[in-house]
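Asker: got a predicted structure here, sequence first:
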Amino acid sequence: KWKGEGTTQNLESIVIGRCFNYIRIVNPAVGEKNCSQIWEAFKNAFINKDPCNILPKDYELFINLTFHTIPPNKSLFWENNQLLVNSFADRGRRYMSLGDTLFGFIGDFLNWCGQADSPGLDYESCPTTLECENNAVESFWRMASITYAQHSSGVIQVLLNGSAEGGAYPQPGFFADYEIPNLQKGKISQIFIWVVDDLEGPDLDSCGIRSVKTLETRLKTLGYDVTCTDNNKSVMFLLCLDNPDNSKCALASTCKFLFINICVIL
Ligand code: ENP
């Protein structure tokens, strides 16, 4: 009856399994957590309720049970480049995006919703945000985003996609609406914005223009020390791993053999 995909099969096993995987293997530094209690809190946020009337605060207990600190200088906010962020963050080893925290890790790539008149999960379909914004998944990410932003500190990274059609800094968007307003000014020393274009994609947005300019102005007005860089080199290396022959992937060092317009690659 809804337009969105139904609940991911085996949701309970995935949530409990992800929880143990995270606390035992991915990031044991978070310490002991009660994974079955975490599943109960997750489920009770939306089960047996109108799937269009789930609020971020319904996940309060889930967040309390999964919460752990976010290491300073490791927060990585993003829009429209989830797979790139996943590889770049390297499950918290390089950066800790929301999907690398226990609370984000549990929900990543999953779908879920309940039904008002039944204790079961709806495996057939779930409401999309266009159908109703107070759905189980949207409210989960709102609560997770708010928590993540409130506990981010030190140097903050923001990785945006300069080829995104709706702009590198989409409004509305989680970063614009739930993360920026919840950053704690006193705990943040600097914000780096990285705008990276898809290797094959158009260059629609860059530092100092269009939506990125809007973002830079907003953050500066809020009093942050902001530095924006186009096509950050480390991120480019990662993109180039899969497309080494792309013209954007010629290593700069090979250009010391540059004569007028010819770059000799040895
Ligand atoms: P999209 O639309 O590119 O990607 C959504 C996918 O990323 C879904 O598979 C979703 O899991 C997963 N995901 C991981 N973290 C988030 C998240 N944090 N979030 C919504 N989905 C997330 O992402 P968005 O909508 O632009 O969100 C990006 C935001 O995440 C940025 O603000 C970034 O700073 C933040 P699922 O369960 O929906 O399948 C917040 C909202 O971390």
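Answerer: Looks like it arrived, so ask away. Numbers count the residues shown, from 1 in each chain.
Asker: which residues of the stretch 51-200 of the chain lie near the ligand?
Answerer: Within reach of the ligand by Cβ under 6 Å from any ligand atom, the stretch 51-200 of the chain has these residues: 77-80, 82, 97-99, 104, 107-111, 137, 141, 144-145, 173-175, 179. C-beta: built from backbone N, CA, C; applies to glycine.
Asker: return the residues in contact with the residue lying closest to Pro56 once chain neighbours are set aside.
Answerer: In this structure, Pro56 finds its nearest non-sequential neighbour in Met143, 3.8 Å apart by Cβ to Cβ, 6 or more residues apart in numbering. Applying Cβ atoms under 8 Å, 6 or more residues apart in numbering, we find Met143 in contact with Pro56, Lys57, Tyr59, Glu60, Ile63.
Asker: would you turn the residues you listed into TSV with neighbour count and pLDDT?
Answerer: Putting the contacts of Met143 into TSV (neighbours: other Cβ atoms under 10 Å; pLDDT from 0 to 100) gives the following:
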residue	neighbour count	pLDDT
Pro56	20	98
Lys57	12	98
Tyr59	26	98
Glu60	14	98
Ile63	21	98
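Asker: save those as CSV, and put in secondary structure too.
Answerer: Below are the contacts of Met143 laid out as CSV (DSSP: H, G, I helix; E, B strand; the rest coil):
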residue, secondary structure
Pro56, helix
Lys57, helix
Tyr59, helix
Glu60, helix
Ile63, helix
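Asker: quick one: which of those residues is nearest Tyr22?
Answerer: Nearest to Tyr22 among the contacts of Met143 is Ile63, at 14.7 Å by Cβ to Cβ.
Asker: restrict stretch 174-188 to CA atoms and write it as PDB.
Answerer: Extracted C-alpha coordinates of stretch 174-188, given in PDB (Å, rounded to 0.1, in the frame of the first residue of the first chain):
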ATOM      1  CA  PHE A 174      20.100  16.300   6.800                       C
ATOM      2  CA  PHE A 175      23.200  18.300   7.000                       C
ATOM      3  CA  ALA A 176      21.400  21.600   6.500                       C
ATOM      4  CA  ASP A 177      18.500  20.900   8.700                       C
ATOM      5  CA  TYR A 178      19.500  18.500  11.500                       C
ATOM      6  CA  GLU A 179      23.300  18.700  11.700                       C
ATOM      7  CA  ILE A 180      24.400  22.300  11.300                       C
ATOM      8  CA  PRO A 181      21.900  23.500  13.800                       C
ATOM      9  CA  ASN A 182      23.100  21.000  16.400                       C
ATOM     10  CA  LEU A 183      26.800  21.500  16.100                       C
ATOM     11  CA  GLN A 184      28.200  22.800  19.400                       C
ATOM     12  CA  LYS A 185      30.100  26.000  18.500                       C
ATOM     13  CA  GLY A 186      32.400  25.900  21.600                       C
ATOM     14  CA  LYS A 187      33.700  22.400  20.800                       C
ATOM     15  CA  ILE A 188      34.500  23.000  17.200                       C
END
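Asker: count the residues that sit near Gly120.
Answerer: Residues near Gly120, counting by other Cβ atoms under 10 Å, number 10.
Asker: could you look up the SS state of it?
Answerer: Applying three-state DSSP: Gly120 is strand.
Asker: look at it and report its pLDDT.
Answerer: If you check Gly120, the pLDDT there is 91.
Asker: do the one 3 residues further on as well
Answerer: Tyr123 is assigned a pLDDT of 98 by the prediction.
Asker: pretty sure it contacts Asn10?
Answerer: No. Look at Tyr123 against Asn10 with Cβ atoms under 8 Å: they stay out of range, at 10.3 Å.
Asker: of these two, who's got more company?
Answerer: Tyr123 (15 against 9).
Asker: in space, what's closest to that one - neighbours in sequence excluded?
Answerer: Gly6 (4.5 Å).
Asker: can you show me the helices along the stretch 1-150 of the chain?
Answerer: For the stretch 1-150 of the chain, applying DSSP state H, counting those that start in this stretch gives helices covering 11-21, 35-44, 60-66, 82-89, 102-107, 136-150.
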